[in-house]
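1. need a structure here:
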Amino acid sequence: MLSPMAEPDVRLERLDGPVGATALLTVSDPKRRNAMTGALSDRLVAVLDEVAADESVHAVVVTGDDDPKPAFCAGGDLDELAAAGEAGPDALQRIYAGFLALAECPLPTFAAVDGPAVGAGLNLALAADVRIAGETARFEPGFLRLGVHPGGGMTWMAQRIVGPQATTAMLLGGEGLDAARAVELGLALKVATGDGADGRSPAVAEALRMAATSAAAPRALVVATRASIRATGQLDRHHDAVAVEVGPQLESLRSEGFREGLARVRASTGKR
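-> I've put the predicted structure just below:
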């Protein structure tokens, strides 16, 4: 059981693979159901900076503390939000910095969402590259009900992922999404079911399984591929996408990682 004196934190756990590691980040403030505060956001920024600077880490999974019950992040801390209204934009930017750091992380990022992801917590989930929903997951903007305008890039992130109609339904029509509906709309990739592994929830176990693919590849290749996905997602023409990819693809073809991979494939197929 979690100590009642535990302070808000972002716990960092390394899971080493044969080539690189996956960093598992657990946002933890159980008394507030992992609500985002300025201090928790500061810690998330610091941990993500540490992970990005560690050449042995190839992928990131972020989740929420599930003690005593599942919660990804129950939104922004209400007292801090009220104070930010008086303090001005810097106070809000401090709360936003954590999920902006996740969005800007050069490594592939996977969010394992169990329980509610509300307001700032939904922003945190949307900032990840891939979202895996547990059966208890619930995606709720919550801004209108609280009488506050969406922030942190919510309107932009949601429209890129689920389009303007679903975004409007969520932000102005009170449309919260359970795990199955989130998958239908493309907000989450899949619903993880079953028993999980190593005491982890099925969503965390599935996110770690996916992240392990990047952890097993050369880090430079993983970083370059993620950068190309982001760059080509803004383009309109196939020809322009080829131009973005050709440089890093040539670099990878000249790498030791490609030579090793080619040798493995040839060995497995019996070809020289």
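
2. I'd like the distance from stretch 15-28 to the chain centre, please.
-> Computed by CA atoms, centre = their mean, to the nearest Å, the chain-centroid distance of stretch 15-28 equals 13 Å.

3. Show me the helices in the stretch 51-200 of the chain, by range?
-> Listed in chain order, the helices of the stretch 51-200 of the chain (DSSP state H, counting those that start in this stretch) span 78-87, 89-103, 120-127, 143-146, 154-172, 179-185.

4. just checking, what packs against the first one?
-> Contact analysis of helix 78-87 by 3 or more CB pairs under 8 Å, 6 or more residues apart in numbering; DSSP states H and E lists helix 89-103 as its packing neighbours. Heads up, the C-betas are built off the backbone N, CA and C, glycines and all.

5. How about the contacts made by M157?
-> When contacts are counted by CB atoms under 8 Å, 6 or more residues apart in numbering, M157 is found next to 103, 123, 126-127.

6. nearest to A82, of those residues?
-> Of all the contacts of M157, A82 sits closest to N123, with 18.3 Å by CB to CB.

7. Tell me the predicted confidence for that closest one.
-> As predicted, N123 sits at a pLDDT of 97.

8. Surely it touches A158?
-> No - here N123 does not reach A158: they are 9.2 Å apart, not a contact under CB atoms under 8 Å.

9. Between the two, which has more neighbouring residues?
-> N123 (29 against 24; other CB atoms under 10 Å).

10. give me the low-pLDDT residue ranges for the stretch 1-150 of the chain?
-> Of all residues in the stretch 1-150 of the chain, those with pLDDT under 70 make up the ranges 1-6.

11. which stretches of it form strands?
-> For the stretch 1-150 of the chain, strands defined by DSSP state E, counting those that start in this stretch occupy the ranges 9-16, 21-28, 57-64, 109-113, 116-118, 130-134, 138-140.

12. Go through stretch 22-32 and flag the buried ones.
-> 22-30, 32 (16 or more other CB atoms under 10 Å).

13. Oops, could you answer that again for stretch 178-191 instead?
-> 178-179, 181-183, 185, 187-189, 191.

14. Show me which of the residues you listed is closest to R209.
-> Nearest to R209 among the buried residues of stretch 178-191, with distances taken as CB to CB, is L189, at 12.2 Å.
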